[in-house]
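Undergrad: return a 3D structure for these sequence lines:
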Amino acid sequence: MNQATTLPHKTIGVAVIWNDLGQILIDRRRPEGLMGGLWEFPGGKLEPRETIEECIRREIYEELAIDIEVKEHLITINHTYTHLRVTLTVHHCRYVAGIPQPIECEEIRWVNLDELEQYTFPEANTQIIATIRHQFLS
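TA: Prediction:
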């Protein structure tokens with residue numbers, strides 16, 4: 001068995017949350033954890049017997065205290081870090097209600113698509129940004 005198959009694996013539901021101004025919500029990981037201080041699209045681990053859409057809605061409510069509508073699938077990314085394998089299932093989401101709170105993160109920010117490159121994201125997230133760009137530029 002190679003190392004990639006022995007690493008723990010997590011399926012993560014990821015939200016690209018858009019507001020009515022066409023901005024995307026990103027959050028910054030707490031400095032003490034893995035990949036601390038990096039920016040990311042919010043989301044979290046899929047629980048047993050939960051659909052990916054339910055996972056995304058629940059995680060966003062738990063982490064940011066806002067309600068969203070989970071829309072179309074954007075991309076699925078399989079990525080192997082040195083310590084972990086992840087499957088990121090990413091959906092476009094629409095911000096519905098609530099004031100975003102940094103419950104599970106250091107800070108949150110609404111940014112325009114062309115501002116994303118000013119923020120440092122984990123490696124797996126760069127494909128998400130490229131896919132969003134491609135959708136809006138094509």
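Undergrad: most centrally placed residue in the protein?
TA: Centroid-nearest residue in the chain, with Cα atoms, centre = their mean: residue 41, separated by 3.0 Å.
Undergrad: from residue 55, how far out is it?
TA: Per Cβ to Cβ, to the nearest Å, residue 41 is found 14 Å from residue 55. For the C-beta atoms, the positions are set from N, CA and C on the backbone; glycine is no exception.
Undergrad: same check on residue 90?
TA: As for residue 90, its distance to residue 55 is 12 Å (criterion: Cβ to Cβ).
Undergrad: pull up the overlap in contacts between the two.
TA: Jointly contacting residue 90 and residue 55 under the rule Cβ atoms under 8 Å, 6 or more residues apart in numbering are residue 43.
Undergrad: ok, then the element right after the helix or strand bottoming out on mean pLDDT in the chain?
TA: The helix or strand of the chain with the poorest confidence is helix 3-6; it has a mean of 68 (mean pLDDT, DSSP states H and E). Counting by DSSP states H and E, the element after helix 3-6 in chain order, helix or strand, is strand 9-18.
Undergrad: the inter-axis angle of the helix or strand following that next one versus strand 9-18?
TA: Downstream of strand 9-18, the next assigned helix or strand under DSSP H and E is strand 24-28. Orientation of strand 24-28 against strand 9-18 (axes from the mean of the first three to the mean of the last three Cα atoms, to 10 degrees) gives an angle of 130 degrees.
Undergrad: can you pull out the residues in contact with strand 24-28?
TA: 15-19, 37-42, 63-64, 95, 100, 102, 105-113, 116, 119, 132.
Undergrad: and it, C-alpha only, in PDB?
TA: Extracted in PDB, the C-alpha atoms of strand 24-28 (Å, rounded to 0.1, in the frame of the first residue of the first chain):
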ATOM      1  CA  ILE A  24     -17.700  35.900  -2.000                       C
ATOM      2  CA  LEU A  25     -17.400  35.100   1.700                       C
ATOM      3  CA  ILE A  26     -14.000  33.800   2.800                       C
ATOM      4  CA  ASP A  27     -12.600  33.100   6.200                       C
ATOM      5  CA  ARG A  28      -9.200  32.900   7.800                       C
END
